[in-house]
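Novice: Predicted structure and sequence below. I'll ask about it afterward.
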Amino acid sequence: MELRLRPMHLTDVGQVPGDCFGSHDTLVSRIRDLGSAAVLAYDGPQHVAQLQFRRYDPKLRSTEGIWHPNYWGDFGAEAPELPKATLNVFCYHVGQLRSGDERNPEYLGKGIGLALLDYFLNWAQDQQFSGVVAKFTPENRAVMGFMGGQPAAAYAARGFEIGTSWLDRQLANAVIERKLVPPDANPDDTSRVGVCYKPFC
């Protein structure tokens with residue numbers, strides 16, 4: 001595997017999987033505002049992963065909870081007050097070769113998600129954003145994969161300040177219904193999420 005990472009550009013719109021970005025016009029507007037909307041990963045010419053991001057909005061809410069991309073920016077009452085030039089990590093799509101939910105297992109568990117995060121943090125700092133905020137996931141590997149995120153430890157290792165955490169009841173029900181965890185699994189291990197922040201100055 002020869003992994004190559006780069007920011008998403010306007011010319012990529014319609015050429016790479018567009019799940020979770022929103023409408024075409026919304027995506028184009030986001031790229032023009034921020035300079036990009038994702039970090040893309042390629043194995044040779046093949047798109048294999050992406051890490052999406054947006055401008056942080058403390059008022060953003062997900063009316064569908066975990067079933068809508070806005071979930072990653074919905075911190076509810078725990079939303080911190082941060083500078084306007086803060087970016088918000090959204091979802092990781094590792095192993096995504098084309099649009100849809102299918103993921104190629106060949107690319108899972110290889111550290112691609114962390115490579116995307118490291119590239120993104122360097123890019124965001126170089127672009128002179130104020131910092132990055134993220135919602136962290138439980139450490140349970142199956143739950144991480146289902147959500148498309150990273151646990152608190154991954155963010156803490158990169159200098160993020162770990163803030164408030166809470167049990168996500170919708171997530172707890174979903175991972176049990178999908179048999180990702182046993183019915184008697186500890187909710188703290190399988191459905192605790194929270195907020196973390198890395199300032200650049």
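Specialist: That came through fine. Numbering: from 1, shown residues only.
Novice: and the residue most central in space within the chain, what element?
Specialist: Nearest to the mean C-alpha position of the chain, by CA atoms, centre = their mean, lies residue 91 at 2.7 Å. Here residue 91 is covered by strand 86-92, with elements defined by DSSP states H and E.
Novice: What pairs with that strand, parallel or antiparallel?
Specialist: As defined by DSSP bridges, the strand partners of strand 86-92 come to strand 46-55 (antiparallel), strand 131-136 (parallel).
Novice: same for the lengthiest helix in the chain, what does it pack against?
Specialist: If you go by DSSP state H, the chain has its longest helix at helix 112-126. The criterion is 3 or more CB pairs under 8 Å, 6 or more residues apart in numbering; DSSP states H and E, and the helices and strands that helix 112-126 contacts are strand 3-7, strand 38-43, strand 46-55, strand 86-92, strand 131-136. To be clear about C-beta, it is placed using only N, CA and C from the backbone, and glycine gets the same treatment.
Novice: now the angle between strand 3-7 and it, please.
Specialist: For helix 112-126 against strand 3-7, the angle by axes from the mean of the first three to the mean of the last three CA atoms, to 10 degrees is 40 degrees.
Novice: how far away is residue 197 from residue 10?
Specialist: Distance check for residue 197 against residue 10: by CB to CB, to the nearest Å, it reads 29 Å.
Novice: my bad, residue 65
Specialist: Distance, residue 65 to residue 10, using CB to CB: 31 Å.
Novice: can you check residue 45 too?
Specialist: The span separating residue 45 from residue 10 equals 19 Å under the rule CB to CB.
Novice: So for these two, which sits in the more crowded spot?
Specialist: Neighbours around residue 45 and residue 10, counted as other CB atoms under 10 Å, are more numerous at residue 10. The numbers are 12 against 6.
Novice: what are the phi and psi values for the residue nearest to that one when sequence neighbours are not counted?
Specialist: On the basis of CB to CB, 6 or more residues apart in numbering, the spatially nearest residue to residue 10 that is not a chain neighbour turns out to be residue 31, at 5.4 Å. Backbone torsions for residue 31, taken as degrees, to the nearest 10, come to phi -70, psi -40.
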